[in-house]
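J.: Quick check, what structure comes out for this input:
(chains A and B)
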Amino acid sequence: QKEVEQDPGPLSVPEGAIVSLNCTYSNSAFQYFMWYRQYSRKGPELLMYTYSSGNKEDGRFTAQVDKSSKYISLFIRDSQPSDSATYLCAMRRIKAAGNKLTFGGGTRVLVKP
Amino acid sequence: GAVVSQHPSWVICKSGTSVKIECRSLDFQATTMFWYRQFPKQSLMLMATSNEGSKATYEQGVEKDKFLINHASLTLSTLTVTSAHPEDSSFYICSAQPPGLIDGYTFGSGTRLTVV
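T.: Model (predicted):
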């Protein structure tokens, strides 16, 4: 079993809809949680990062962390075709050796005009 | 914002030759950088952690002698793929953590390596 599970998709939504993404994890030591967006043949771009449980909002993006359920989510409001990309969740422990990140497998999102 | 520059963005080389990929932090110092490999439609696989002034830490299963990492300064880490073979063809990405940004690791734009 992988430490971080993420549905690979693809997730197809119409323009303007809310995109809902999530990851589950098994290691309760994870404390820092991130979401990255990756366009084809490009490096990942940081969208959101949160510490421990709670919600964080930034523009059209909302990240939620529920440590009791070992479940994190990313919501994208008013989705645009330019949001079509692969979304990766990532997390790490507080005292991870070398501060390594553990990634989910990524969810491919397609926003149709 | 913090920028990590990676060069080249793509490279084609012949089997048996070596290829060097550079990763630079443009506006911050990075004592630690990370090198990843990514296959099509798959997630990032951490290859090694590059430490300025000391030896890199490789993940299990990654050949140290094939993937040479040098972190000679606080702004530059290099990955050299030695004696490349077609199975080494992949997308290689580096990342670094800017100071003050708790966990927002910044990634380079990646290097697509094709070995023919």
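J.: If you tally nearby residues, what's the number for the closest residue to A:Y39 other than its chain neighbours?
T.: Excluding the flanking residues, the one nearest A:Y39 by C-beta to C-beta, 6 or more residues apart in numbering or on different chains is A:A85, at 5.0 Å. Glycine gets a C-beta too; all of them are placed from N, C-alpha and C. Number of residues near A:A85 (other C-beta atoms under 10 Å in any protein chain shown) recorded here: 21.
J.: can you check B:F91 too?
T.: Counted with other C-beta under 10 Å, residues neighbouring B:F91 total 19.
J.: Just confirm it contacts B:R112, I think it does.
T.: Yes. Under the criterion of C-beta atoms under 8 Å, B:F91 makes contact with B:R112 at 5.4 Å.
J.: Chain A against chain B: which residues are in contact?
T.: Counting by C-beta under 8 Å from any C-beta of the partner chain, chain A comes close to chain B at A:8, A:32, A:34, A:36, A:41-46, A:49, A:51, A:88, A:90, A:92, A:97-101, A:103-106, A:108.
J.: For PyMOL, write the selection for the buried entries among the residues you listed.
T.: In PyMOL, this line selects whichever of the residues of chain A next to chain B come out buried by 16 or more other C-beta atoms under 10 Å in any protein chain shown:
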select buried, chain A and resi 32+34+36+42+43+44+46+49+88+90+92+98+99+100+101+103+104+105+106+108
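J.: and the closest residue in space to B:A56 that isn't next to it in sequence, how many neighbours does it have?
T.: Sequence neighbours aside, B:I69 is the residue nearest to B:A56 in space, at 3.9 Å (criterion: C-beta to C-beta, 6+ apart). Here the count is done by other C-beta under 10 Å, and B:I69 has 24 residues near it.
J.: Run the chain-centre distance for the host helix or strand of B:I69.
T.: Following DSSP states H and E, one finds B:I69 within strand B:67-73. Remark: strand B:67-73 is offset 9 Å from the chain centroid, using C-alpha atoms, centre = their mean, to the nearest Å.
J.: What helices and strands are in contact with the helix or strand just after that strand?
T.: Downstream of strand B:67-73, the first helix or strand assigned by DSSP H and E is strand B:76-81. When contacts are defined as 3 or more C-beta pairs under 8 Å, 6 or more residues apart in numbering or on different chains; DSSP states H and E, strand B:76-81 sits against strand B:19-25, strand B:32-38, strand B:67-73, strand B:90-96.
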